[in-house]
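[1] My questions are about this predicted structure, shown below with the sequence.
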Amino acid sequence: MKLSVKYDISVTCRRVLQDQLEKLRIPHVINGLGEVTLQESLPPLKQQALIEALKEYGIELVTDQKAALVQKIKDTIIDLIHSEEDLPNVTMSVYLSEQLNHSYSYLSSLFSESCYTSIENFIILQKIERAKQMLAANEYTLTQISYLLNYSSVAHLSHQFKKTTGLTPSAFQRIIKKRTPNVVSTV
């Protein structure tokens, strides 16, 4: 039997982090966007235990401040694009600057230096991933998806989708339909 699963990676990571910190009896507050405030200093043995516990789930502690800011940029973009709400009608440069309290030029330069791609390309990749999820769920039309992801037009979304995936949105949907067996309900 094959099950299809829908999950929110952000919620999942927060839950794993919460469980592991509680298991190690580390008093904390999860601030969101990949940041935790510890309510007491962490002895080296407990820190190593936490590192090992989180490693099992592919979660790493970031010690470099620049790397931490780059991760916050990614988390902010992912949280925004993959949230269930409509994207705000503010430009991403303004949004990121306001959320992270740095100028966009600094954020952009730091991101490009660290990731070898631009924030804009990362945003496009995340929007296309979100569009793929929405198309696969078959809950929205391409026009609705275009609107929800703040594209200026369906043509713009379709162009970026094809450029990123090599497929048109409709070809992607056809492939998904072929791969998804008809679900028979037994009531």
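    Structure received.
[2] When you work out contacts or count neighbours from here on, use the C-alpha atoms and nothing else.
    OK.
[3] How far does the lowest-mean-pLDDT helix or strand in the chain sit from its chain's centre?
    Across the helices and strands of the chain, the lowest-confidence element by mean pLDDT, DSSP states H and E is strand 28-32, at a mean of 82. The chain centre lies 18 Å from the centre of strand 28-32; the measure is C-alpha atoms, centre = their mean, to the nearest Å.
[4] What pairs with that strand, parallel or antiparallel?
    Next to strand 28-32 in the sheet, as set by DSSP bridges, lie strand 35-38 (antiparallel).
[5] who touches the helix or strand that comes right after the partner strand?
    Using DSSP states H and E, the next helix or strand after strand 35-38 towards the C-terminus is helix 44-55. Here helix 44-55 makes contact (C-alpha atoms under 8 Å, 6 or more residues apart in numbering) with 16-17, 20-21, 24, 60-61.
[6] continuing past helix 44-55, what's the next helix or strand?
    helix 65-81.
[7] which element is R25 on?
    Using DSSP H and E, no helix or strand contains R25.
[8] burial count for it?
    When neighbours are defined as other C-alpha atoms under 10 Å, R25 has 10 of them.
[9] any idea how far A49 is from it?
    Distance, R25 to A49, by C-alpha to C-alpha, to the nearest Å: 11 Å.
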